[in-house]
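A.B. asks: below are the sequence and a predicted model for it; my questions follow.
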Amino acid sequence: MFKRNRILAIKPVLEAIVGPENVRTDEAEILMYSYDAGMARARPEAVINFTDASQVAPTVKALYAAGIPFLPRLAGTNLSGGTVPLKGGAILNLARLKKIHQIDTAAHVALVEPGLVNLDLQKALEPFGLFYAPDPASQKVSTIGGNIGENAGGPLCLKYGVTANNVEKLEVVTPEGEVKIWSHRDPGPDLMSLIIGSEGTLGIVTRAWLKLRPIPPHIKTAAVAFTSLDAAMKAVTRIIKEGIVPRALEAMDKVSLDASLEGKANPFPDGTAAALIVELDGSDAGAVKKELETVERICAAESCAVFRVASDEAERDLLWQARKGAYPAMARLAPDVLVEDGVVPRPRLPEALRETREILSKYKLTAGLLFHAGDGNLHPNILFDRRDLQEVKRVKKAGYEILKACIKLGGTISGEHGIGVEKRVAMNWLYGPGELAFFRSIKNAFDPKDLANPDKILPVAADKPSETSGLAERASLSPEARTIIDELRLRSMRGAPTAVTCLGTRLKPETIAEGAARLDLRQLSGAAVIDADNLTARAEAGLPMEEFLKQLKDAGFHLDLPETGGSVGGAIASACPGLREILLGLEIARSDGSLLDLGGRTVKNVAGYDAVRLFCGSMGAYGVILAATFSISAGPRRGREHAGLPAPVTFKPDSYHTRLKNALDPENLLNPWIYRNK
Ligand SMILES: Cc1cc2nc3c(=O)[nH]c(=O)nc-3n(C[C@H](O)[C@H](O)[C@H](O)COP(=O)(O)OP(=O)(O)OC[C@H]3O[C@@H](n4cnc5c(N)ncnc54)[C@H](O)[C@@H]3O)c2cc1C
């Protein structure tokens, strides 16, 4: 189907880089790389194996120059068709790049290659008393590069964050073959975070500096049986609301339990309809014990049938078996399993589960429900046989209806498995045309010829938008926000530059240049909207941080941030430390007054590029932040140590910062002095 000649034409160049034995075009290799753990299939024209990370950049440069599509591939365990080469071209197989270059026990950082298997890293870290938090259930085979490509999560991510929260710095080969090193600590918009979860569409990670943590000395694991799934979910909401953050809070329904415990010692009584695995950790044994007692009390109040605490490592393994063995157990029940990955705000889990069950029953399908309950991330594992075409149709329909239900409940279409090709169409249901065009402009800025893993993540013409397209309802915009939008529209029509100003904590009047007229955001200071059950708060950009913290405190909550001063929008635009860990959503006005509704109210969301973090450090030059949604914590501030505010640094835009500026604000209307030499 594809023109084989295009690879043959540059084969000598590729062979000179990686060696003739590593440019494979034989049928066996082509077949082997034409599928992954998802349902899509497509043949590559060549498979290129790398034996040294330095070979990646010249290879990509040669492919880009020749106009040949390419995609990075590791273990191929992604569940969204991310490594299926939809437009042919070359598979870049990085699986042999698996060195651990350094484990820095003082700085708690490991420098590794992308092909390193997640569990192999954990084993290497154990003797140093350290661990790397992201622990996908696939960790025995999935790799650090693939985990970064998908922004993978796992049970421990409830407390320690997903992959994006555990990467310090990346070496990236851009689609044009340039080598870049980006960290979230760099001044300016966060390019590193844009790469994480971009599924190989914006660049290829060749080295990663990963954040390590000391293994906590005290860990307690409990398995809790309930006679109804609803009761289990109520217990989850109450545990989190109590201010307890377990290191894992996982849930399973009866179908999953029966499958994974078949033939094994079953720790749960007859009549168990759902089970939770609750794991707590810490450095203070007394505090962990106290939290465990609170969890037990909450579960008892929700009429749990059994609350069993592991007394030793063997018993802990037994309790985890039910959760960790669930996917392989499902795979034994049917030839194929479709794993959905929707997310809803945690308090909406019971509704999401009810709707999921109704949808499954409507389509006469069986599924085991597994979920990262603490994150509101559902994994219905739908059983089917791909040889039965009617059943495949029903499975797809049911999967899409489940995603639509998650969107309707204020959630998103993927928490950790990515969009790939299989959820591309669902991006149309989650986002409006403005957000999709914005994502497309990011892709174009990085990959003008559209060769890096093309046709992934963003809908193509065949993925027709639905009529009720887009989550982005604007009802929440205040009259003041609407005034600002109108003013931006007017200035855009006149080509008049704007200085985005607020409390003046960081942007001093003397900095304002290029004849820019001020746009004062102080008027955006309505009261914060606190969702006590979901532990989120939305604040307008002009609200002083001090006032925001006070409003939270008065309601019994806090924001885990250092005292920053300034306004909410100012703290985000200047990348206040710690903010990227708790920022969930942003409402942005672009220079032409068009709106973007990015992220949301869920703690996990890998649908589209991580534009929320991109705006951290954007200094008003990419768009005007109107409002933000944060994850908040229950109870009083625990006095967590923060490094405090860093000294101001001079920002020299990277060429990719400038490309994005050109894409997002082509006339350089917002804070124009920052990119004056663009
Ligand atoms: C049984 C099972 C359980 C799973 N459990 C979980 C889970 O608990 N949590 C979870 O998050 N996921 C889970 N997954 C999904 C999957 O394992 C993850 O998405 C994983 O991160 C993929 O890693 P991989 O090495 O297989 O990458 P691949 O599938 O090879 O690649 C994944 C994506 O990353 C891109 N990519 C690969 N290498 C690079 C690179 N160097 N630079 C940039 N992009 C790159 C690829 O192009 C592709 O788009 C599970 C899958 C299975 C089959």
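C.D. replies: Received the coordinates, thanks.
A.B. asks: work out for me the element the residue nearest to Ser193 when sequence neighbours are not counted sits within.
C.D. replies: The shortest distance from Ser193 to any non-neighbouring residue, by Cβ to Cβ, 6 or more residues apart in numbering, is to Arg613 (3.7 Å). C-beta here means a position set from N, CA and C on the backbone, and glycine is covered the same way. Here Arg613, judged by DSSP states H and E, is contained in helix 611-614.
A.B. asks: residues of the stretch 401-550 of the chain that sit close to the ligand?
C.D. replies: Contact residues, the stretch 401-550 of the chain versus the ligand (Cβ under 6 Å from any ligand atom): Glu416, His417, Asn453.
A.B. asks: by neighbours, which of those wins?
C.D. replies: The most crowded member of those is Asn453, carrying 32 neighbours; neighbours defined as other Cβ atoms under 10 Å.
A.B. asks: quick one: pLDDT of that one?
C.D. replies: With respect to pLDDT, Asn453 has a value of 98.
A.B. asks: give me the phi and psi angles of it.
C.D. replies: Per-residue torsions, Asn453: phi 40, psi 60 (degrees, to the nearest 10).
A.B. asks: try Ala259
C.D. replies: Dihedral angles (degrees, to the nearest 10) for Ala259: phi -70, psi -50.
A.B. asks: am I right that the residue nearest to Ser193 is in contact with Gly197?
C.D. replies: No - using Cβ atoms under 8 Å, Arg613 is not in contact with Gly197; the gap is 10.0 Å.
A.B. asks: so Glu340 touches Leu403, yeah?
C.D. replies: Yes - between Glu340 and Leu403 there is a contact under Cβ under 8 Å: 7.0 Å.
A.B. asks: re the thing from before, what touches both of Arg613 and Gly197?
C.D. replies: Taking Cβ atoms under 8 Å, 6 or more residues apart in numbering as the criterion, Arg613 and Gly197 both touch Ala164.
A.B. asks: now do the residue of the stretch 501-650 of the chain found nearest the ligand against Asp36, distance only.
C.D. replies: Proximity of the stretch 501-650 of the chain to the ligand (Cβ to the nearest ligand atom) peaks at Val606, 8.4 Å away. Distance of Val606 to Asp36, computed by Cβ to Cβ, to the nearest Å: 17 Å.
A.B. asks: for Ala589, same thing?
C.D. replies: Distance from Ala589 to Asp36, by Cβ to Cβ: 39 Å.
A.B. asks: could you do Asp120 as well?
C.D. replies: Plainly put, Asp120 is 20 Å away from Asp36 if you go by Cβ to Cβ.
A.B. asks: so these two - more neighbours on which side?
C.D. replies: Taking neighbours as other Cβ under 10 Å, Asp120 and Asp36 compare with Asp36 leading, 22 against 17.
A.B. asks: next, the closest residue to that one other than its chain neighbours: phi, psi?
C.D. replies: Leaving aside its sequence neighbours, Asp36 sits nearest to Gly76 (Cβ to Cβ, 6+ apart; 3.9 Å). Note on Gly76: its backbone torsions stand at phi 70, psi 20 [degrees, to the nearest 10].
A.B. asks: if I pick Gly76, what's in contact with it?
C.D. replies: By Cβ under 8 Å, 6+ apart, the contact set of Gly76 is Tyr33, Tyr35, Asp36, Ala37, Thr83.
A.B. asks: by neighbours, which of these wins?
C.D. replies: Highest neighbour count within the contacts of Gly76: Thr83, with 30 neighbours (other Cβ under 10 Å).
A.B. asks: who's in contact with the residue of the chain most remote from its centre?
C.D. replies: For the chain, the residue at maximal distance from the C-alpha centroid (Cα atoms, centre = their mean) is Gly515, at 39.3 Å. Contacts for Gly515 were tallied using Cβ under 8 Å, 6+ apart; they are Pro497.
A.B. asks: check Thr206 too.
C.D. replies: By Cβ under 8 Å, 6+ apart, the contact list for Thr206 reads Ala53, Val56, Ala57, Leu94, Leu97, Glu113, Pro114, Glu171, Val172, Val173, Val179.
A.B. asks: again, but for Arg489
C.D. replies: Residues near Arg489 by Cβ under 8 Å, 6+ apart: Asp592, Gly593.
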